[in-house]
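Q: Need the 3D shape of this:
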Amino acid sequence: MAENLRSKVVTQGVQRSPNRAMLRAVGFQDEDFNKAIVGIANGYSTITPCNMGINKLAQRAEIGVKEAGAMPQIFGTITISDGISMGTEGMKYSLVSREVIADSIETACSGQSMDGVLAIGGCDKNMPGAMLAMARMNIPAIFVYGGTIKPGKYDGKDLTVVSSFEAVGQHSAGKIDENELLAVERNACPGAGSCGGMFTANTMSSAFEAMGMSIPYSSTMAAEDEEKAESTAKSAAVLVEAIRKQILPRQIITRKSIENAISVIMAVGGSTNAVLHFLAIARAAGVELTLDDFETIRGRVPVICDLKPSGRYVATDLHKAGGIPQVMKMLLVHGLLHGDCLTISGQTVAEVLADIPDEPSPAQDVIRPWNNPMYAQGHLAILKGNLATEGAVAKITGVKKPAITGPARVFESEESCLDAILAGKIKAGDVVIVRYEGPKGGPGMREMLAPTSAIIGAGLGDSVGLITDGRFSGGTYGMVVGHVAPEAAVGGNIALVEEGDSITIDANARLLQINVSDEELARRRANWQPRPPRYTKGVLAKYAKLVASSSVGAVTDLDLFDHH
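A: Predicted structure coming up:
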């Protein structure tokens, strides 16, 4: 079978002589025109530490593709740093960048008729952006994670960038002085790699390994370690073999493999953002998946890893303790993983895990033994009620009281909310509402790491609820509920909440409720007016017009031409 199934339209035949002439200029020789062309989607940038090490990995992938007998073509794709844009208007572009990345990879690979793609990404949206493109195009594909940052060290403790966000809250509350704030800032991020805890980047890389779209152990390696470069070269060889065998993403991204990924997300205590991204990935792959499926899986999968933000350890510690394969083997042994799923290597999940021990090493305490989990059930709960009729996502680990009823403190933006917290205006028992930050309303569903960190830093983490139609960072923990749908901008009930209304968050009952009569809500609805769009030109305006509800993954191509 020809290896250049797609690219032969560019490289074969008399009339393609000019096309070949251009390819010769980038290094093709006579014997190369029958080889598979492999795109290397290179997420390198010096915008953020998450992506600054990726160029070296792209070069290793290039060598690996050549050694495996195919022709590499490197092209760039963008990133937005959530950590650097956090708390600013720029954060509105973060979720938007997921679509831009997906569109750019699809555009390059399809425009150039490539036979396969190896994508290398670091920051949060690189992973789902690449996977959306892979699922859409359905050409052989592999994901390579740029790797995690090593922990910062200060005062004998491990630091991550979230330590710095929390230090702001501690400083405002008078718990630490300016010198200590600066010391945390100077030591939090020691070099290249994505944020170190089980925040969104490490959550998504782990989930892709679990799903079979990345090679074993690759999702928890440190960016700066040599094994990361070697794993990249190996990934290139695996991909070229997958092109030969025509192993396609939609054979790997199935209902069962997505269930595997979600089970691993629960077991490691992963980010709320994974919910949004997997809803989108499933849709791109043509797989049925709803918010309720996350709740079903949560009910049966314990949290077995003690990882930041609510636990103690970082991703490099998980790697030393056995990584994602060890977590997967434990789930498999206890009937919580589908062992028959195909992986990019051509092996099944069960075959990949055959030699992994059933229980983790007793010499570490990052991965807990099965009979002594961190939590008996998963930590990402789907709440519904009259405040979120389509659903909302709560992270309920590390919370002492999983239910709160209190007066609503209503804010129309993240900035006004943060100002109130830092000024000491939010009291124990309050339920803070931040609205018009949803996919359409923001637009772009900003993450609220600044308000949640300030609440934790002020010592209110167990006594204040926070609800938004925006998102929370993977670094958030506490009594927080995000992704409220329908959002305020489209007239969801969150738009009708008034200051002082009684609000209930009850994680055990999976309830998110405004304690106001239906008649009163109907009266308020009659007076509600949608707001004019915040942006009328450019990418945010296009996004706001196209984006669907967070309850279906905030995709931008939902029912564009629905002919059923």
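Q: What segments of the chain are strands?
A: For the chain, the strands defined by DSSP state E occupy 37-42, 71-76, 116-121, 141-145, 152-154, 157-159, 380-385, 388-395, 403-411, 431-434, 465-468, 480-485, 502-506, 511-514.
Q: in the fifth one, what counts as buried?
A: When you say that, I think you mean strand 152-154. Gly152, Tyr154 (16 or more other CB atoms under 10 Å). Just so you know, the C-beta spots here come from the backbone N, C-alpha and C atoms, and that holds for glycine as well.
Q: Quick one: mean pLDDT over stretch 528-536.
A: Taken as a whole, stretch 528-536 carries a mean pLDDT of 96.
Q: ok, residues contacting it?
A: For stretch 528-536, contacts defined as CB atoms under 8 Å, 6 or more residues apart in numbering pick out 436, 441-443, 489-491, 495-496, 540-541, 544-545.
Q: Give me the buried positions along that stretch.
A: By neighbour count on 16+ other CB under 10 Å, the buried set for stretch 528-536 is Arg534, Tyr535.
Q: sorry, back to before: now, of the strands of the chain, which is deepest in the fold?
A: Sort the strands of the chain by mean neighbour count, taking mean count of other CB atoms under 10 Å, and strand 141-145 sits at the top with a mean of 31.
Q: Lys308 contacts Val162, correct?
A: Yes: in this structure, Lys308 is within contact of Val162 by CB atoms under 8 Å, at 6.9 Å.
Q: Mind picking out the helix or strand in the chain with the poorest mean pLDDT?
A: Within the chain, no helix or strand scores below helix 449-457, which has a mean of 85 by mean pLDDT, DSSP states H and E.
Q: Packing partners of that one?
A: helix 161-172, helix 414-422, strand 431-434, strand 465-468 (3 or more CB pairs under 8 Å, 6 or more residues apart in numbering; DSSP states H and E).
Q: change it to 7 Å
A: Helix 449-457 sits against helix 161-172, helix 414-422, strand 465-468, with contacts defined as 3 or more CB pairs under 7 Å, 6 or more residues apart in numbering; DSSP states H and E.
Q: How confident was the prediction at Asn386?
A: The per-residue pLDDT reported for Asn386 equals 98.
Q: Need the CA coordinates for stretch 467-477. CSV is fine.
A: Taking Å, rounded to 0.1, in the frame of the first residue of the first chain, the C-alpha atoms of stretch 467-477 are listed here in CSV:
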residue,chain,number,x,y,z
ILE,A,467,-20.5,30.6,40.9
THR,A,468,-19.8,31.7,37.4
ASP,A,469,-20.8,31.2,33.8
GLY,A,470,-17.1,31.6,33.1
ARG,A,471,-14.4,29.0,33.9
PHE,A,472,-12.1,28.2,36.7
SER,A,473,-8.4,27.5,36.3
GLY,A,474,-7.1,24.0,36.7
GLY,A,475,-5.3,25.5,39.7
THR,A,476,-8.6,26.4,41.5
TYR,A,477,-10.0,24.6,44.4
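Q: average pLDDT for that stretch?
A: So the average pLDDT for stretch 467-477 ends up being 84.
Q: neighbours of the residue lying closest to Ala548 once chain neighbours are set aside, just the number please.
A: In space, and not counting its chain neighbours, Ala548 is closest to Leu558: 4.0 Å by CB to CB, 6 or more residues apart in numbering. Leu558 has 15 neighbours, counted by other CB atoms under 10 Å.
Q: quick revisit: between the strands of the chain, which one is closest to Gln326.
A: strand 141-145 (17.3 Å; CB to CB).
Q: Could you check how far the closest residue to Pro302 other than its chain neighbours is from Asp469?
A: Leaving aside its sequence neighbours, Pro302 sits nearest to Pro373 (CB to CB, 6+ apart; 3.7 Å). Distance, Pro373 to Asp469, using CB to CB, to the nearest Å: 32 Å.
Q: repeat for Glu498
A: Glu498 is 16 Å from Asp469, by CB to CB.
Q: Check Glu224 too.
A: In terms of CB to CB, Glu224 sits 38 Å off from Asp469.
Q: returning to what we had before: out of the strands of the chain, which gets the lowest mean score?
A: In terms of mean pLDDT, the lowest-scoring of the strands of the chain is strand 157-159 (a mean of 91).
Q: Just list what that strand packs against, helices and strands only.
A: Strand 157-159 packs on no helix or strand, going by 3+ CB pairs under 7 Å, 6+ apart.
Q: Return the list of strands paired to that strand, each annotated with direction.
A: Its sheet considered, strand 157-159 pairs with strand 152-154 (antiparallel) by DSSP bridges.
Q: next one: the partner strand to chain centre, how far?
A: Its chain's C-alpha centre and that of strand 152-154 lie 25 Å apart, by CA atoms, centre = their mean, to the nearest Å.
Q: now stretch 417-429
A: Taking mean C-alpha positions (CA atoms, centre = their mean), stretch 417-429 and its chain are 29 Å apart.
Q: List just the nearest of the contacts of stretch 528-536 to Ser271.
A: Checking these against Ser271 with CB to CB, the nearest one is Gly442 at 18.5 Å.
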